[in-house]
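J.: what's the 3D shape of this:
(chains A, B, C, D and E)
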Amino acid sequence: MADDVQDAADAELSEPVRRRGKPGSSPGTLHIDPAAPKPVLRVMAYGPDRLREQTLDSAHAVRALLGQEPVTWINVDGLGDAGVLQELAAIFGIHRLALEDVVHVYQRAKVEPYADHHFVIARMPHLDGRLATEQISFFVGRTFVLTFQEQEGDCFDLVRERVREQRGRLRSAGPDYLLYALLDAIIDAYFPVLEAYGERLDEMEDEVIAAPRHDAISRIQDVKRDLLALRRAVWPLREAVNTLVRDDSEHFHAETRIHLRDCYDHTVQVLDMVETYRELGSGLLEIHLSSLSHRMNEVMKVLTIIATIFIPLTFIAGVYGMNFNPASSPWNMPELSWYWGYPFFLVLMLVVAVVLLLMFRSKGWIEFPRRRRRE
Amino acid sequence: MADDVQDAADAELSEPVRRRGKPGSSPGTLHIDPAAPKPVLRVMAYGPDRLREQTLDSAHAVRALLGQEPVTWINVDGLGDAGVLQELAAIFGIHRLALEDVVHVYQRAKVEPYADHHFVIARMPHLDGRLATEQISFFVGRTFVLTFQEQEGDCFDLVRERVREQRGRLRSAGPDYLLYALLDAIIDAYFPVLEAYGERLDEMEDEVIAAPRHDAISRIQDVKRDLLALRRAVWPLREAVNTLVRDDSEHFHAETRIHLRDCYDHTVQVLDMVETYRELGSGLLEIHLSSLSHRMNEVMKVLTIIATIFIPLTFIAGVYGMNFNPASSPWNMPELSWYWGYPFFLVLMLVVAVVLLLMFRSKGWIEFPRRRRRE
Amino acid sequence: MADDVQDAADAELSEPVRRRGKPGSSPGTLHIDPAAPKPVLRVMAYGPDRLREQTLDSAHAVRALLGQEPVTWINVDGLGDAGVLQELAAIFGIHRLALEDVVHVYQRAKVEPYADHHFVIARMPHLDGRLATEQISFFVGRTFVLTFQEQEGDCFDLVRERVREQRGRLRSAGPDYLLYALLDAIIDAYFPVLEAYGERLDEMEDEVIAAPRHDAISRIQDVKRDLLALRRAVWPLREAVNTLVRDDSEHFHAETRIHLRDCYDHTVQVLDMVETYRELGSGLLEIHLSSLSHRMNEVMKVLTIIATIFIPLTFIAGVYGMNFNPASSPWNMPELSWYWGYPFFLVLMLVVAVVLLLMFRSKGWIEFPRRRRRE
Amino acid sequence: MADDVQDAADAELSEPVRRRGKPGSSPGTLHIDPAAPKPVLRVMAYGPDRLREQTLDSAHAVRALLGQEPVTWINVDGLGDAGVLQELAAIFGIHRLALEDVVHVYQRAKVEPYADHHFVIARMPHLDGRLATEQISFFVGRTFVLTFQEQEGDCFDLVRERVREQRGRLRSAGPDYLLYALLDAIIDAYFPVLEAYGERLDEMEDEVIAAPRHDAISRIQDVKRDLLALRRAVWPLREAVNTLVRDDSEHFHAETRIHLRDCYDHTVQVLDMVETYRELGSGLLEIHLSSLSHRMNEVMKVLTIIATIFIPLTFIAGVYGMNFNPASSPWNMPELSWYWGYPFFLVLMLVVAVVLLLMFRSKGWIEFPRRRRRE
Amino acid sequence: MADDVQDAADAELSEPVRRRGKPGSSPGTLHIDPAAPKPVLRVMAYGPDRLREQTLDSAHAVRALLGQEPVTWINVDGLGDAGVLQELAAIFGIHRLALEDVVHVYQRAKVEPYADHHFVIARMPHLDGRLATEQISFFVGRTFVLTFQEQEGDCFDLVRERVREQRGRLRSAGPDYLLYALLDAIIDAYFPVLEAYGERLDEMEDEVIAAPRHDAISRIQDVKRDLLALRRAVWPLREAVNTLVRDDSEHFHAETRIHLRDCYDHTVQVLDMVETYRELGSGLLEIHLSSLSHRMNEVMKVLTIIATIFIPLTFIAGVYGMNFNPASSPWNMPELSWYWGYPFFLVLMLVVAVVLLLMFRSKGWIEFPRRRRRE
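T.: Residues are numbered from 1 along each chain as shown, chains lettered A, B, ... in the order given. The predicted structure follows:
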């Protein structure tokens, strides 16, 4: 699974680079990704008392629906048909640069005020096996909210429930409040993702301390990449929400602004967590390096202890393996013919070994079983 | 104990992630933690001359008390009953988003002005075995201070004493001054926590220099985490206090503002210390790595000295252990039959050993006992 | 190829240092690089209905063309003739300091408003084998755009196509929109360059993890240099575009400003990517160091395992190679004459080896084939 | 001495933590340190023509002196008597929070304007054996300067001389100028301290490069701590002086403000030096680690050279120490009976050794004496 | 030469610390360095039509010259005579604090407006063998420019030429333009210095990668120090020039301000380069550490290969050097009497060696000559 996440993060990081037209091409040109799913339009038109929900066949039908209820939410899943998108742009008076941003689906979160609507981009996180962020584009006017998603599947189901069940103030409030509810759902969707990374970091820390494996470093790097990608998704989102909080146009009611302030607090919390995790991620690397050093020390100590004990012993044995001729001189290795020669030699070696072991112990290289266990 | 602190810090860091509703759920929904203790209401109503102190059974009784004395302080310990909280919210006109923040007990410190009261959140540190921060929420109106705590036990006892004993200007001042006194108590509570971490850092530095243990790195990481958590608790607190200092609403008297400025100085001092400790913590890691390197150097030097002395000696011994046949040629190992052959060999080896030892000494690898002791 | 890129990046970094007059020389002096190509003037004069395109022989002919069409774009490739440049400066009223900046071709991107034109500098990236950035200078007046390039070859071909084919709003808009179109083409040209570096980083990460080669470090350093050079090119460009967005002179129409805002978003995206890549580049270095450490650990483990197993065995063999005289004492190496002496010795050695191998396995230094393959 | 400095720096860093009342205690409560020396009051009252200098017994006598001369400077050495301090506070109208700050002697430098005086805190460095900073508190009114010091001994003697000797404009100027003169003396006192640290850093760099000792790392850490403490003392001082420069109350004459601007320049210079030294201090650590690595390389090279030369030689000697029976086969070690067997063996070993030495030289591991000396 | 540069940089860094009076001494006191050269006054008085150039004996003669021509430039080389300086101060109405700054020659670059002149400080770089920066002080009034230099020799010769040769607009412009010309000459003088450091960094990078020498680290540190010193010289210079650009007093004509803006661009470029070089310098250190690690790996691999091959072989040889008595048992080393015993043994050893070599090759530790050469 680690590999999947890694690939996803790679995609994430280099996405803005790939899906672009040729340098110098006309602004506002729509480069439709041929693999993108065809658009599906789902409309929820509601007021305090009524709710109409339907899936439309064509963009044309939207025009008839508009303005019939206080709030009309048109949600478009899939960006694979330039015609539909352009028709929608014509209906809602969307600037072609904005439409280009909707289609070129790596955009940073932002808010752009236009004459009679606000254009908002946010990025929604997915983490089913792989991390990915999907671009959600919002156009919020006086009576409508138009949202574009790259594909089906989002975190808005609870918002839809709230509209249907007439819970809370959603049904009685305007499109600005719906925008808030959707943004809040997106931001809330970051929390489980963060939780998953928090757990991954914890696991990796335990693992790195226990046994530094070779691939640890690249997995740490992967997590750092993902957190970088998260940060790049959330940081501009925070700015965007803050822009909305301070927006003094009549589009946003005072009550909605209080809710957006709350929403802003949540993005700050998410960023806070991302930064904390990034710092922990950097710490992981240092732990890994320290673990490697420590491991090396362990290896070296074993080598040194074994070698240091046996090298002198081997030398002594080597001395008595020499072939000096005892016959030619009484000084030539008389030890070899001593009565206690061999036993003396064995005792000598034992003494040397014990002395060396005590020396290592005094240096703290060897610990007695009880202490080793505690470590 | 280190483990406990570690777990606590983990909890601290991931707390904001866990206690949340599903993404997209209605704002202002109260997700009561089933394990949270039931609320206990303690009221202190006082003016310059009178003091009424009582523990209430129900939130209903609060309404009767309000406004009877210049200042009514209602302290709620425990957030485990949505009914009580909502009744209090109704009495004091608390916004449902604010109430949600009170219950979802990981919030950053903040100040939010509402029409007729201020909503303040601060985090109070605990360090009995484990570090934890508890969220304290304040609502400060013209005649009341309403505080919510996650559980019983706080650092406000001295403030209560001051109210009871009519010391200082607390009894004669308004709710704004009481807010100041409580915030100041919270900030003062960070100092002993910092002192404990200061001592821990000192101990760890000594230990890391003396002997780099394998778990040192994870304990350093733990302290860094805790300091990160402290920083995340205090940084927004500083901002919050600063917001209060600059607040120009009539809620805060000039005199209180002077006291809040003093309080702000204290948060700056706390942050200053936290930053200093964080820097020392990072230094610890470098000391640890350097200690590991130094230790490795020591090990290698011993290995090298022993090996380098004995390897040539063993070689010489090996030479004279060869079985070249002296009978077939006068050039074949005549040394073996020399009269002084073996003694000469022993002297040769001594010379080699001494030369190598002198060489190591000139490189500074061996120090004489007197110098070693100084090191 | 890596070497080429490296040299180019070096040139890039030290360029601003080299092409300068002596300290104290008069401002506005043109130091023409003798190796610079002679200027070639290409003019496109167009309005909604007409387009004249021609290559001019002399700067003189420009004067006649000016003002005949709503927009006249004079593009000068090559800065190798002071006379031509000064004549153009005279025609368009260019300040001598601006002209100096045009010729001294390492300038940071910037915008300078003059009385009746804007002076804009941007840097265009090239990456055919080597990375280089070329300085493009723009003078934008009410009816003209004058661009200077160091040499032929640019990323403006699609813009020229759009002028010729009457696509988009380019033909009907003014010089301000042409400036936008050219700047946007430059910024778009950074994306493929970034993509190339993204791929290079990915390759290098794989390579560094697989096998840390000695030259990896200098290649990482090269990529970091290039990214530094990119950052130094784009950062001021972002500022310049932002200046244009906020410029409130009548030179820039509201619609153009919306397009420049889009263009600004793109520079922010480029910078975002550069910063991300720089962070990944720094991570590479850490991976490299960790890989080196890990490799060292591997080497040491092999050495330790082999040495630790054979050193004791060699010692034992050495013992039985000693020449103690069995004749002089029954205690002198009676093992040598035991019936099972040699077989016993072989078994002893096998036991020692197996015990040591088990010890290493318990330390996790040896893994069984199945696990080794997975790692 | 290094130890002393270390302890002092520790004290410095944790000081703000220790000298505090219990959390929640009443603001303005004076916690007199029982070990603090009793206050000694020294008064200098002067105008252009007259100077009265005396040491007072009680705070009471101050009241009579006030206002008799244009400037009255009351200097209080020692904070060990709450009564005296409170009497002074009453005389000069000092706010109890300010007085608390005077007594709780770890405060950051700051300026607080009160209705009819300014309250200024600065920290004065001492470096006689140990580094310490002493808190100096100033109250500057229309006719007086009141200074509090923790103990006797300061850097104001030259200022006193200037008052006495009627040099410069001190005698003719007001209390604002005296404040400037005292602050300037404090800031000037940082320069010799910095010089001492500059020298210490130089010495340590030489030492670390020459021979990385184990305690180097903790001494580097000590210097970094001290520089951190210096920075924490000077940074707010810079802010405080800047506040005074920009203060537009009538307390400060234009001429004094010019002098304060000069004083501000000095604090900037001090901070500049501290930052530079901090950067050098961080560099030291890297040098230390690099030195350790380099030292390890040296050790390893020696080990490798010795081992690599002798291990093959020992092997060869071992071969000819084998006991294959030449009697049982002509193939069994015929070399042993060759006429030139042993000499050939000796030459073989020489050749092997020389080849290996040449190989090491080609790798750059061995240098010839002339080159080694240069290194 | 490296040493010289190092010493110079040291001087540079600690200069501000040394040349100061005692703490508390009167502001405006001139501490004349006894080693400073005596002042030499050179005057250039010019207008569009006339130029008078002379070297003056005394400061007194200056007064007569002033105001006779539109611009009088008095350049003072050498600060070794308090009398001359004070006389000049009297003539030009220089504040004693400004004069103190002129004499205490470590000052950061700055601009201070006085009533009828501007006081500007800049630092001029020298790099003849050693890096040093010299303080140049400017006083610019309505009709004069007064410059003070520490010693003879500057980068103003080309400016003087321009005055003499009536080139450019220098002769017809006012003192503000002369100030610009001089500042521009100073900033231009940084470029060759930067070029030198750029080359030094390139050389060092090559050297560090090729062979990590022990002194590399201190030389890297030296370059980092120098770049730090450059940064400290240029950063405030940028601020100072920016202050002049934005100065709206009538001293500076609009045209001069355009030139100063150009000059500001140059300081930004210098700073840009310094920052780039500082980053490269930090990279050098990492390369050095990586090179050390890589070198260590190389050493270890050689040791491991040699040891790992010969240790088992030596063991085998040791086995057959044992003296088990074949007479006492048929199991005691029958190999020794085999007919093919010794040849079999030799083949066995060859096989072991080849197997180990193949194993090392599969680990990538040994490369075949062709590949090794490429590396």
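J.: Quick check, pLDDT for the residue in the stretch 251-375 of chain A that chain E sits nearest to.
T.: Of all residues in the stretch 251-375 of chain A, A:Gly321 sits closest to chain E, at 6.7 Å by CB to the nearest CB. For every residue, glycine as well, the C-beta is placed using N, CA and C. Here the pLDDT value assigned to A:Gly321 is 81.
J.: What values do phi and psi take at it?
T.: Per-residue torsions, A:Gly321: phi -90, psi 0 (degrees, to the nearest 10).
J.: wait, isn't it in contact with B:Ile316?
T.: No - counting by CB atoms under 8 Å, A:Gly321 sits too far from B:Ile316 to count as a contact (11.9 Å).
J.: Same drill for these two, tell me which one is more crowded.
T.: Per other CB atoms under 10 Å in any protein chain shown, whichever of A:Gly321 and B:Ile316 has more neighbours is A:Gly321, with 26 against 21.
J.: Contacts only, for that one.
T.: Contact analysis of A:Gly321 by CB atoms under 8 Å, 6 or more residues apart in numbering or on different chains lists B:317-318, B:321, C:318, C:321-323, D:321, E:321.
J.: How about A:Leu284?
T.: Contact analysis of A:Leu284 by CB under 8 Å, 6+ apart lists A:201, A:204-205, A:208, A:220, A:223.
J.: show me which of those residues neighbour chain D.
T.: Among the contacts of A:Leu284, no residue sits close to chain D (CB under 8 Å from any CB of the partner chain).
J.: What subset of those residues is buried?
T.: A:201, A:204-205, A:208, A:220, A:223 (16 or more other CB atoms under 10 Å in any protein chain shown).
J.: where does the stretch 51-200 of chain A have low pLDDT?
T.: For the stretch 51-200 of chain A, the stretches with pLDDT under 70 are A:129-130, A:167.
J.: what about the residue in it positioned nearest to chain C, which helix or strand?
T.: Residue of the stretch 51-200 of chain A nearest chain C, by CB to the nearest CB: A:Leu97 (4.9 Å). Here A:Leu97, judged by DSSP states H and E, is contained in helix A:96-103.
J.: Next secondary structure after that helix?
T.: Sequence-wise, the next helix or strand downstream of helix A:96-103 (DSSP H and E) is strand A:110-113.
J.: any bit of that following strand sitting next to chain C?
T.: Yes - Strand A:110-113 reaches chain C (CB under 8 Å from any CB) through A:110, A:112.
J.: Need the CA coordinates for that strand. CSV is fine.
T.: C-alpha atoms of strand A:110-113 as CSV (Å, rounded to 0.1, in the frame of the first residue of the first chain):
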residue,chain,number,x,y,z
LYS,A,110,-8.8,30.6,-4.3
VAL,A,111,-11.7,33.1,-4.2
GLU,A,112,-12.3,35.4,-7.1
PRO,A,113,-15.1,37.9,-7.0
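J.: Stretch A:252-270: how far from the chain's middle?
T.: Relative to its chain's centre, stretch A:252-270 lies at 24 Å (CA atoms, centre = their mean, to the nearest Å).
J.: per-residue confidence averaged over that stretch?
T.: For stretch A:252-270, the mean per-residue pLDDT is 90.
J.: Sort out which residues of it are buried, please.
T.: Using 16+ other CB under 10 Å as the test for burial, stretch A:252-270 gives A:252, A:255-270.
J.: For it, give me every contacting residue.
T.: Outside stretch A:252-270, the residues within contact range by CB under 8 Å, 6+ apart are A:173-174, A:176-177, A:180, A:183-184, A:187-188, A:190-191, A:194, A:234, A:237-238, A:241-242, A:244-245, A:247, B:16, B:27, B:95, B:97, B:100-101, B:106-108, B:110, B:112.
J.: Helices of the stretch 101-250 of chain A, start to end?
T.: Here the stretch 101-250 of chain A has its helices, by DSSP state H, counting those that start in this stretch, at A:157-165, A:175-210, A:216-246.
J.: list the contacts for the residue lying closest to A:Arg160 once chain neighbours are set aside?
T.: Counting by CB to CB, 6 or more residues apart in numbering or on different chains, A:Met44 is the residue found nearest to A:Arg160 once chain neighbours are left out, at 7.0 Å. Going by CB under 8 Å, 6+ apart, A:Met44 touches A:51-53, A:72-73, A:75, A:160, A:163.
J.: redo that, cut-off 6 Å
T.: For A:Met44, the contact set (CB atoms under 6 Å, 6 or more residues apart in numbering or on different chains) comprises A:53, A:73, A:163.
J.: Can you verify it is assigned to a strand?
T.: Yes - assessed with DSSP: H, G, I helix; E, B strand; the rest coil, A:Met44 lies in a strand.
J.: Buried residues in the helix or strand that contains A:Val354, which are they?
T.: Using DSSP H and E, A:Val354 sits in helix A:341-362. By 16+ other CB under 10 Å, the buried positions in helix A:341-362 come out as A:341-342, A:345, A:349, A:356, A:360.
J.: before we move on, the earlier item: can you tell me which of the contacts of A:Leu284 is nearest chain B?
T.: Using CB to the nearest CB, A:Glu205 is the member of the contacts of A:Leu284 that lies nearest chain B, at 7.2 Å.
J.: quick revisit: need the contacts of A:Gly321 in JSON lines with distance to D:Met333, can you?
T.: Putting the contacts of A:Gly321 into JSON lines (distance: CB to CB, whole Å) gives the following:
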{"residue": "B:Ala317", "distance to D:Met333": "20"}
{"residue": "B:Gly318", "distance to D:Met333": "16"}
{"residue": "B:Gly321", "distance to D:Met333": "14"}
{"residue": "C:Gly318", "distance to D:Met333": "19"}
{"residue": "C:Gly321", "distance to D:Met333": "15"}
{"residue": "C:Met322", "distance to D:Met333": "20"}
{"residue": "C:Asn323", "distance to D:Met333": "18"}
{"residue": "D:Gly321", "distance to D:Met333": "10"}
{"residue": "E:Gly321", "distance to D:Met333": "11"}
